[in-house]
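> Let me see the structure of the following:
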Amino acid sequence: MPSTFLQRLSLPLLLLTGLRLPMAIASPSGMVDDSLQPTSAENLDGEHQDLASALRTAPPELALALVYEPGIDLAGYLVSEKFDGVRAFWDGRRLITRGGLIINAPAGFTAGFPEQPLDGELWMGRGTFARLSGTVRTLEPDLEAWQQVRYVVFDLPAHEGRFEERFAALERLLEQAPNTRLQLAHQHPIADPASLQARLDRLVAAGAEGLMLHHRDAPYQAGRNADLLKVKPYLEGEAVVLEHLPGQGKYAGMLGSMLVEEPDGTQFKLGSGLSDAERATPPPIGSIVSFKYHGRTKYGRPRFASFLRITDEL
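Numbering: from 1, shown residues only. From the prediction side, this is the model:
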């Protein structure tokens, strides 16, 4: 892997002490009390200070998806919607992002969550990732914004059974949970590639990001493997930002495109997909961004690459 990407990934995590994390509080009836105010962090200024620089822990060991390729036996898999949210691990007392960020959710949000570890996505709805990301990253929680957040759960990492057994246990567990912020990622059998494509087309047309395939018989296994597959209408990659290139015409005075580098050293310009706000305040040099594309050119560069988001904030 080229040195630029390695250097970017090897930046040490910032560990600070002196923060007071919110306690999960419920009313005497066991129901969530949304009127409770979150516990503020001490010795940090700014109501909306970025949480990404506040408190981190070791990243959780999560199952990660490979990209679906035609030819696999779909009878062995269950399918669900791919939620375009923030991956979050519940360790029994706090929510932690894939990157190890401890999320300072309002105290009432996690009240009544089970003691068992959960794997899921914080989600506001289709097409709301940017707003959700900002909500999750703020040090002082925005209570109104958090009212719209749900924790969509799809697995029980500590359960030793097969996925079908874990999901059945998860259904029973959430039926007993008093917190309506917990939502189940429903799983469905899939008959054949045509049925999978039809479901993908239908959900994407409705604003979904794609689909997820869980192998019925798989144990929970950290890292990327074929037991968990993502199905999207496009390919997706990551690259580190090397340079900001100035815009012209209607983008004069703003970012035109970014020179980026993939893990294998491939460099290319990425400008499509950026909003005017993102062009005015572009992803920082050194940050890692994700992009979608449709195949490769004969020179190995992504074809029709389009910016999706900064991926290393959380």
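> Quick one: the helices in the protein, in order.
3-9, 129-137, 143-146, 163-176, 193-205, 276-280 (DSSP state H).
> Go through the helices and strands of the protein and name the one with the lowest mean pLDDT.
helix 3-9 (a mean of 50; mean pLDDT, DSSP states H and E).
> and L62, which of the helices of the chain is closest to it?
helix 163-176 (14.1 Å; CB to CB). For every residue, glycine as well, the C-beta is placed using N, CA and C.
> May I see the buried residues of stretch 93-109?
94-97, 99-109 (16 or more other CB atoms under 10 Å).
> Which members of these occur in strands, if any?
95-97 (DSSP state E).
> Contact partners for the residue nearest the centre of the chain?
The residue lying closest to the centre of the chain (CA atoms, centre = their mean) is V86, at 3.0 Å. The contact partners of V86, by CB atoms under 8 Å, 6 or more residues apart in numbering, come to 97, 121-123, 129, 132-133, 136, 314.
> what about 10 Å?
95, 97-99, 101, 103, 120-124, 129, 132-133, 135-137, 149, 313-314 (CB atoms under 10 Å, 6 or more residues apart in numbering).
> Report how many residues lie close to the closest residue to K82 other than its chain neighbours.
Nearest non-adjacent residue to K82, counting by CB to CB, 6 or more residues apart in numbering: G210, 4.1 Å away. Neighbour count for G210, taken as other CB atoms under 10 Å: 18.
> From Y68, how far off is G210?
9 Å (CB to CB, to the nearest Å).
> any shared contact partners between these two?
Joint contacts of G210 and Y68 (CB under 10 Å, 6+ apart) are 200, 230-232.
> Out of the residues you listed, which end up buried?
Members of these classed as buried by 16+ other CB under 10 Å are 200, 230-232.
> which two in those are spaced the farthest apart?
Greatest spatial distance among the buried ones among the shared contacts of G210 and Y68 (CB to CB): L200 and K230, at 10.9 Å.
> now do the same end-to-end measure for stretch 146-159.
Terminal residues of stretch 146-159 are spaced 29 Å apart (CA to CA, to the nearest Å).
> Actually, stretch 101-111.
20 Å.
> picking that back up, identify whichever of the helices of the chain lies nearest to E115.
Nearest to E115, of all those, is helix 163-176, at 10.0 Å by CB to CB.
> Now find how far off-centre that closest one is within its chain.
22 Å (CA atoms, centre = their mean, to the nearest Å).
> before we move on, what about stretch 304-312?
Offset of stretch 304-312 from its chain centre (CA atoms, centre = their mean): 13 Å.
> Next: stretch 227-241.
With CA atoms, centre = their mean, you get 12 Å for stretch 227-241.
> Send me that stretch as CSV with only the CA atoms.
Below are the C-alpha coordinates for stretch 227-241, written out as CSV (Å, rounded to 0.1, in the frame of the first residue of the first chain):
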residue,chain,number,x,y,z
ASP,A,227,-20.9,-14.0,5.1
LEU,A,228,-21.9,-10.3,4.9
LEU,A,229,-22.4,-8.8,1.4
LYS,A,230,-23.5,-5.3,0.3
VAL,A,231,-25.5,-4.9,-2.9
LYS,A,232,-25.6,-1.5,-4.5
PRO,A,233,-26.4,-0.1,-8.0
TYR,A,234,-22.8,1.2,-8.2
LEU,A,235,-19.3,0.4,-7.0
GLU,A,236,-17.7,2.3,-4.1
GLY,A,237,-14.2,3.2,-3.2
GLU,A,238,-12.1,5.3,-0.8
ALA,A,239,-9.3,7.7,-1.4
VAL,A,240,-7.2,10.2,0.5
VAL,A,241,-7.4,13.9,-0.5
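> And the most far-flung residue of the chain relative to its centre, how close does it get to S272?
Ranking residues of the chain by C-alpha distance from their mean position (CA atoms, centre = their mean) puts G249 at the top, at 34.7 Å. Distance of G249 to S272, given as CB to CB: 15 Å.
> Please apply the same query to V260.
Applying CB to CB to V260 and S272 gives a distance of 12 Å.
> Overlap in contacts, the two.
With CB under 10 Å, 6+ apart, V260 and S272 have common neighbours 291, 305, 307.
> out of these, which is most surrounded?
These, ranked by neighbours (other CB under 10 Å): first place F291, 25 neighbours.
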